[in-house]
Every structure is written in structure tokens, then in C-alpha cells.
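Trainee: Here is a sequence together with a model predicted from it:
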Amino acid sequence: MAAAAALTSAPFLRRCGSFLPTIRLINNRHRIIHTAANRSPIANGESAPLSPLTPSSTRRKIEPQFLCYCTGTEAEAESGTGTAEAEKDTVKEAANTLDIRVGRIIKAWRHEEADSLFVEEVDVGEAEPRTICSGLVKYVPLDQLQERNVVVLANLKARNMRGVKSFGMLMAASDAAHENVELLVPPEGAVPGDRVWFGSIDEKDSLPDAASPNQIQKKKIWEEIQPHLKTDDSGFAILDTKHSMRTSAGPIISQSLKNANIS
């Protein structure tokens, strides 16, 4: 009943669509409505009266559920701000399951069977370097790839690239026309194997475990996250305009491409 009283006094109800097993507060913004199988969901913005309790004779036959609604302001209701913020938080959580690391190219050469591809041996902090193929021939001179630090997406499924198995991807910024492409640059002091994440330095110790390559592929996590990655007006790599792409040593940047896509 306490939950019901708190609910009816809320200025606005926004349905989450979640069904939870118990009555509880979530992030100090959620209230729970007790519904049974004979009660219909409450539409956005409607009041939230509780229907009469189910008679005891039929109570055992009905599976109770707890519908979750968020409380918010009328301004949030009209603008959709609360929903947009929740979606962005979900994007950030998914982005931090990507295994992005600082790498160092040990050596690079032209792919013997593909004119558009380089092949690189990259140290990502593991016992052995990874072989990675990249389509950078048109954009980056070969001599600029040798012995340089890069940013590597390391939990993609291995792909056969014209006879060479590639175990990851070098991350780069590109303009809208994809005429100019340059590799992302880790900060000075970063070393191979350093984790890259999205957020503040304080969030380093609370990051989720990286997803497996199978999970990345099955859930299409990279495809979901990639459109949210950009560089800002200063060339800093960011997620959703506000979450810095960073290592413990500092932020990731593009040397010259601003307001560019990242892939």
C-alpha cells in the first residue's frame, strides 16, 4: 500500500515495460504497480488507481505481476528526456562491453592477395601479437604504420581476409565522405593492453567484463554502438556527445579529423 500511495502522488508516470518479481525502488525513480492477470496496463500519463483485490477464491489461479513505471516531470514527459537518457545509459553500458585496448604495431606489410589491405602484427598486451588486416592502403602510408600506438577492437570474431585470418580491428576516424581516414591515437603514457572505456576516470574500477566474440556477433553490439561514436569539435573521441573515450593515461583523439565518424 505504501507503494500505491507514493505512486498516486507522482506528477507523471512513464511506463518502463519491465516486469519485476518484487515491490522495490529502482535508482530512486521507480515505483511498482501491483497488477494481476485480470488488470490491463496503465497507459503513459494516465492516473494509476489500483483495482480491487482479487477474490480469495480465485487468487491462487492468477499469477501476480509487478509492472514498473518511472516517475518524472511533465517537462520530461513532453520532451522524452527521461527516455532518451535511459537509452543513452544503455548504449554506454553496451559500449563498455567492447574489448577496446591500446595496441602497438610491431610491423606492417601489404596483403599479397588484396590490394586494399595491409596486414599488421599488433601487440595488445597478450603473450603473442595479433594479426590484424586493415583496409587502410588508400589512406595511410605504410611507413606511418610501423611501430606506432593504435586503438584496437579486440573482441570481434576472427575473419578470413583473403587467406589471412584477422583477429581484431584498428579503430579510425573518417569524414562523412570517407575520403579522409586516420587512426585513433592513444594518449602518451598508454601501453599495449591498456583498456579503453567510455566515461570518466572514476569509472575505471566499475567497468563490466568484456563480452565474448560470440556475444558481440550474436547481439550485434558493435553494430549498435558504432553509430554513436564520433570525434568532437576538438578531435576527442566520444560516445553520444558526452562520454569520453579514454584510458587511464588520458583521452583518445584523432589528430586532425573533427566531428568525424569512428569505426
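Mentor: Arrived safely, thanks for sending. Residues are numbered from 1 along each chain as shown.
Trainee: From now on I want contacts and neighbour counts done on CA atoms only, so please keep to that.
Mentor: OK.
Trainee: wait, residue 136 sits on residue 114?
Mentor: No - between residue 136 and residue 114 there is no contact under C-alpha atoms under 8 Å: 11.5 Å.
Trainee: Which one of these two is surrounded by more residues?
Mentor: residue 136 (19 against 13; other C-alpha atoms under 10 Å).
Trainee: The more buried one: helix or strand, and which one exactly?
Mentor: Counting by DSSP states H and E, no helix or strand carries residue 136.
Trainee: residue contacts, it?
Mentor: 116, 117, 118, 181 (C-alpha atoms under 8 Å, 6 or more residues apart in numbering).
Trainee: now residue 171
Mentor: Here residue 171 is in contact with 150, 151, 152, 153, 183, 184, 262, 263 (C-alpha under 8 Å, 6+ apart).
Trainee: For those residues, give me TSV that also has secondary structure.
Mentor: Converted to TSV, the contacts of residue 171 look like this (DSSP: H, G, I helix; E, B strand; the rest coil):
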residue	secondary structure
150	strand
151	strand
152	strand
153	strand
183	strand
184	coil
262	strand
263	coil
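Trainee: Pick the one among those residues closest to residue 236.
Mentor: residue 184 (9.4 Å; C-alpha to C-alpha).
Trainee: Would you confirm that the closest one contacts residue 152?
Mentor: No - applying C-alpha under 8 Å as the test, residue 184 and residue 152 come out as separate, 9.2 Å apart.
Trainee: From the contacts of residue 136, list just the buried residues.
Mentor: 117, 118, 181 (16 or more other C-alpha atoms under 10 Å).
Trainee: Alright, that wraps it up for me.
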